[in-house]
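# Take a look and give me a structure for this.
(chains A, B, C and D)
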There are 2 protein chains.
Amino acid sequence: MEETPPSLLALTPYLLSRVGKTARGRIAERLTAREMRLWHMAVLAALADFGPHAQRDLAARLRIDPSDVVKVLDELAAAGRVERARDPADRRRVTVTITAAGRTALSELTADTSAVQEEVLAPLDEGERAVLHSLLRRIFAHLHEGT
Amino acid sequence: MEETPPSLLALTPYLLSRVGKTARGRIAERLTAREMRLWHMAVLAALADFGPHAQRDLAARLRIDPSDVVKVLDELAAAGRVERARDPADRRRVTVTITAAGRTALSELTADTSAVQEEVLAPLDEGERAVLHSLLRRIFAHLHEGT
DNA sequence: CCTAATAGTAGGTGGCGACCCATCATTGGT
DNA sequence: ACCAATGATGGGTCGCCACCTACTATTAGG
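Just a heads-up that it's a prediction; the model follows:
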C-alpha cells in the first residue's frame, strides 16, 4: 500500500537521484546542527587539501559563483575558520587560508559524513561498499571531465 | 588546477550526493522541456503502475504533502493527463485516473530518463550497471523501510 | 597615462521543494 | 441528530541554490 512505483525503481538515474538526495539531506541535517552548510564544508576541504586560494580560484575549483564564495567566506571568517589576507603582490586578490579552528571544524564535519555513510550503506558489506564507491568515482570523473 | 578536494571524494555519501544531484538535474532539465517536474512523473508512474488512486493515497505512497498533490494534479489535469472524478461511494474522495495522453507523456518521460541513464552511466559496461543498480536498490529499500 | 580587464563585494531575483494552517464538504460513530 | 474525523483545497512561508547585475579598487597593456 506504500510501495514506490516499479517503473521508477527500474531507472538507475531515478535511484541515484533519490538515494543521493537522502544522502545529501542527512549530511545537511548534521551540518546545520553545527550551523554550517555543504558549501562551507567544501570550501574548508579545498583549503585543507590544496592550501591557500585566492577567492576566484576557490570559485573555479568548486564551480560556484564568485559572489556566492564571498558569502560563504564571510560566514567562515566570522566563525574564525578561515582568514582573509590581501595579496601584497596583487592587492586586488584576497588569499584565503584555513585556520586551526577551521581544521578542527572540518574533521568534525568529516566525522559526521562518515556517520551518515554508516547509516546509508548499512545493508552493504565492506566489499560491496568498495565496489559502489569505485563505480561512483568513475561516474563522477566522467561527469566532470570533457566539455 | 580544477580538481575536487580528495578528502570529499573519499566520502561515499558525498559522491552519492553529487552524482545524484547531477542525475536529478539532467532529468529535471528534460522534464522542464516538456513543462513537467519530477513530481508529475512520479504521479503518472504511480497511476500507471497501481491504477487509480484517491488523492490521499497518492500522497501517502509518494510521501508528499496532500496539499502539494493537489497542485501537481491541477497541472496534470489541465494538460489532460489525468482525470479527477468524485468517488460516488465517498463523495469526499476524488479518484484520479491516468488518461491515454498521460500514458503517452509518461512513456516520453521514461525515454528521457533512459537517455539520461545513457549519459550518466556511459563509462560503465552492462555488468557494472547491473551491479550499481542492485546496490542502489538495496540501499533504497533500506532507507525506506522501518520507520 | 589612460583604458580595459580583473578581483572582490553587495544586493537582488526566481525556481523549487517541503511544510503548515484555515476552510469546506462529507462521512461515521454514538 | 450531532460532533469529531476525514479528504480535498487554497493560501502562504521558509530555506536553499544558482544566477545576474552594479559598483569599487587595483592592475596590466598599449
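# Of all residues in chain A, which one is nearest the centre?
Centroid-nearest residue in chain A, with C-alpha atoms, centre = their mean: A:Ala42, separated by 4.1 Å.
# quick one: pLDDT of it?
In this model, A:Ala42 is scored at 95, pLDDT.
# who touches the closest residue in space to A:Glu108 that isn't next to it in sequence in this structure?
Nearest residue to A:Glu108 in three dimensions, chain neighbours excluded: A:Arg34, at 6.7 Å (C-beta to C-beta, 6 or more residues apart in numbering or on different chains). Just so you know, the C-beta spots here come from the backbone N, C-alpha and C atoms, and that holds for glycine as well. A:Arg34 is in contact with A:105, A:108-109, A:112, counting by C-beta atoms under 8 Å, 6 or more residues apart in numbering or on different chains.
# Buried residues in the host helix or strand of A:Ile27, which are they?
Assigned by DSSP states H and E, A:Ile27 belongs to helix A:12-33. Within helix A:12-33, the residues scored as buried using 16 or more other C-beta atoms under 10 Å in any protein chain shown are A:12-24, A:26-28, A:30-31.
# Find the helix or strand that the residue nearest to the centre of chain A is a member of.
Going by DSSP H and E, A:Ala42 is in helix A:38-50.
# anything in that helix sitting right up against DNA strand C?
No: for helix A:38-50, no contact with DNA strand C is found by C-beta under 7 Å from any atom of the strand; the gap never falls below 12.2 Å.
# so how far is that helix from its chain's centroid?
7 Å (C-alpha atoms, centre = their mean, to the nearest Å).
# From A:Val94, how far off is A:Pro52?
Separation of A:Pro52 from A:Val94 (C-beta to C-beta, to the nearest Å) stands at 10 Å.
# Quick check: closest non-adjacent residue to the residue in chain A that chain B sits nearest to.
For chain A and chain B, the shortest gap (C-beta to the nearest C-beta) falls at A:Gly20, measuring 1.4 Å. Using C-beta to C-beta, 6+ apart and skipping the chain neighbours, the partner closest in space to A:Gly20 is B:Gly20 (1.4 Å).
# residues in contact with the one you found?
A:16-21, A:23-24.
# filter the residues you listed down to the ones close to DNA strand C.
For DNA strand C, the contacts drawn from those by C-beta under 7 Å from any atom of the strand are A:Lys21.
# okay if I get the contacts of B:Gly20 as a markdown table plus pLDDT?
What follows is the contacts of B:Gly20, written out as a markdown table (pLDDT from 0 to 100):
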| residue | pLDDT |
| --- | --- |
| A:Leu16 | 95 |
| A:Ser17 | 95 |
| A:Arg18 | 94 |
| A:Val19 | 95 |
| A:Gly20 | 95 |
| A:Lys21 | 94 |
| A:Ala23 | 94 |
| A:Arg24 | 94 |
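# which among the contacts of B:Gly20 gets closest to A:Leu8?
A:Arg18 (8.5 Å; C-beta to C-beta).
# Spit out the contact partners of that closest one.
Per C-beta under 8 Å, 6+ apart, neighbours of A:Arg18: B:20, B:140.
# okay, now A:Glu118: neighbour count?
Neighbours of A:Glu118 under the rule other C-beta atoms under 10 Å in any protein chain shown: 10.
# Now do the SS call for it.
helix (DSSP: H, G, I helix; E, B strand; the rest coil).
# Correct me if wrong: the residue nearest to the centre of chain A contacts A:Ala59.
No: with contact defined as C-beta atoms under 8 Å, A:Ala42 does not count as touching A:Ala59 (11.5 Å).
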